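Asker: any chance you could fold what I've pasted below:
(one chain, ligands or ions: 1)
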Amino acid sequence: MLNSTVLLNDLSLDTYYPIIHTQNKETKKVKNVILLIGDGMGFSYTTGLRYFNHHSRKGFMNPTIFDEYFVGSQSTYSLDTDCNITDSAAAGTALATGYKTYNGALGLNIDKEPVLTVLEFAKYRGKSTGLVGTSQINHATLAAFAAHNENREQYNQIADDYLDERIEGKYKIDVMLGGGTSYFCRKDRNLIEEFVYSRYGYVTDLQELISNKNEKLLGLFAPVELPKQIDRDSTIPSLSQMTKAALQRLKQNSKGFFLLVEGSQIDWAGHDNDIVGAMSEVKDFEAAFKEAIEFARHREDTIVIATADHSTGGMSIDRNGNYKWNPGVIKAITSTPAVIAEDLHRTKDILKIRHHIHFPLYEEDLNSLQASLEMEVEDTRQLLINMINDYSSTGWTTKGHTGEDVPIYAYGLHRSLFSGRIENSDIAKILFNIMD
Ligand SMILES: [Zn+2]
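Answerer: Prediction:
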């Protein structure tokens, strides 16, 4: 276990941190950084979005917001001696610190030494900082930017670090929005009360988020992760609403800010091979990216970068040589398989499927769904996932991560530095160089 106090003494701006020095003629430094990470969002997901947004089976497809700002790609591999495919902690650490490391590590190099993150660097420079995501806010990717731990699963310790670790006496993170009440309000410690005592605002639903005016803010909208966008009711904010709320606060600092926004559950849908959940989360992420671009559009001091940490599931647009991927099927489904399965089991009424799936299912599929109601909810959920993959002709090769390079999209000052093929660790190295 790492001792936070020792750690903070170890990390300062005098510590070595890796920088890429460039021949860039533009010498102006960046005031505001918005980094968006679509967890698991490989090329097939953003290409899938282009098909999904297209309203016909034919004709020229309009570019997505991602296509408009595409600049290059990055490697994702970690330095793990056992695995050459990364997890989200190692990839998050590379993106956050400039060090590739072993799977499971948060904010540590391969020798398990704590290393400075770009979020911490920003704080040292007097900027404001924010973490926004749809998982619990102490989950791997977000935590890689704001904590240092040998094990990504030490959720309580990571939540404690968000409050306890200080940068030159200041709280490390000014705005935190996402899920995770169960880690922040525990039997042994109530971090929510401590944050409120430390003059943070605390909000738990969309209405409170909109009406709260506190500059420092903790918003926890679920015990662990938020429901997927497609399953959310109107009390839970979208990723873009959280991004907007964070930007409204962070921009008040005249020295600028660093904001990390994670589309956390694109990856989880990929692990489940659930194309409805995957497109739901990519859409949520697309809207957040638009919000960030909108913020940066009329400024000359801001960089927006969107990328992924790795891809998940080996998702393919079409399978079995059909030559007919059918996103119309996915668009005609209005809940994730998990929610549909829960509903069918609760009501024991197979016709309830019509509330969620707005196209006729084959008789034999209805029969197998009916039969699955005698089994576990998980059996029905799995059956639905397989059926939807059949109807939409979506392919998957694994329930895990895959090793291909992932896209980088960028807009604003110094965007060209992220172009071409770079290493994931280069993202942090460039940010250390260009941040004011
Ligand atoms: Zn994953």
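Asker: what residues are up against the closest residue to H355 other than its chain neighbours?
Answerer: Distances taken as C-beta to C-beta, 6 or more residues apart in numbering place D343 nearest to H355, at 7.3 Å, with adjacent residues excluded. Placement of C-beta: from N, CA and C, glycine included. By C-beta atoms under 8 Å, 6 or more residues apart in numbering, the contact set of D343 is 335, 352, 355-356.
Asker: ok, D343 to A278 distance?
Answerer: To A278, D343 is 20 Å away according to C-beta to C-beta, to the nearest Å.
Asker: now swap in D233 and tell me
Answerer: Distance from D233 to A278, by C-beta to C-beta: 21 Å.
Asker: domains in the chain, as residue ranges please.
Answerer: Domain ranges of the chain: 4-14+30-315+399-434, 326-392, per automatic domain parsing.
Asker: first to last residue in the shortest one, what's the distance?
Answerer: It refers to domain 326-392. Domain 326-392 stretches 5 Å from its first residue to its last (C-alpha to C-alpha, to the nearest Å).
Asker: does the residue nearest to H355 count as helix, strand or coil?
Answerer: Secondary structure assignment for D343 (DSSP: H, G, I helix; E, B strand; the rest coil): helix.
Asker: quick check: it vs T235, distance?
Answerer: In terms of C-beta to C-beta, D343 sits 19 Å off from T235.
Asker: in contact with A278, which residues?
Answerer: Per C-beta under 8 Å, 6+ apart, neighbours of A278: 45, 48, 266, 269-270, 313, 315.
Asker: take those and keep only those in strands.
Answerer: Counted as lying in strands by DSSP state E, out of the contacts of A278, is not a single one.
Asker: among these, name the buried ones.
Answerer: Buried by 16 or more other C-beta atoms under 10 Å: 45, 48, 266, 269-270, 313, 315, out of the contacts of A278.
Asker: now those residues as JSON lines including distance to S211 and pLDDT?
Answerer: Output for the buried ones among the contacts of A278, formatted as JSON lines (distance: C-beta to C-beta, whole Å; pLDDT from 0 to 100):
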{"residue": "Y45", "distance to S211": "34", "pLDDT": "98"}
{"residue": "G48", "distance to S211": "36", "pLDDT": "98"}
{"residue": "I266", "distance to S211": "30", "pLDDT": "98"}
{"residue": "A269", "distance to S211": "32", "pLDDT": "98"}
{"residue": "G270", "distance to S211": "35", "pLDDT": "98"}
{"residue": "G313", "distance to S211": "39", "pLDDT": "98"}
{"residue": "M315", "distance to S211": "39", "pLDDT": "98"}
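Asker: so which of these comes closest to D405?
Answerer: Y45 (13.6 Å; C-beta to C-beta).
Asker: in which helix or strand would I find the closest residue to that closest one other than its chain neighbours?
Answerer: Spatial nearest neighbour of Y45, chain neighbours left out: V282 (5.3 Å); criterion: C-beta to C-beta, 6+ apart. Using DSSP states H and E, V282 sits in helix 275-296.
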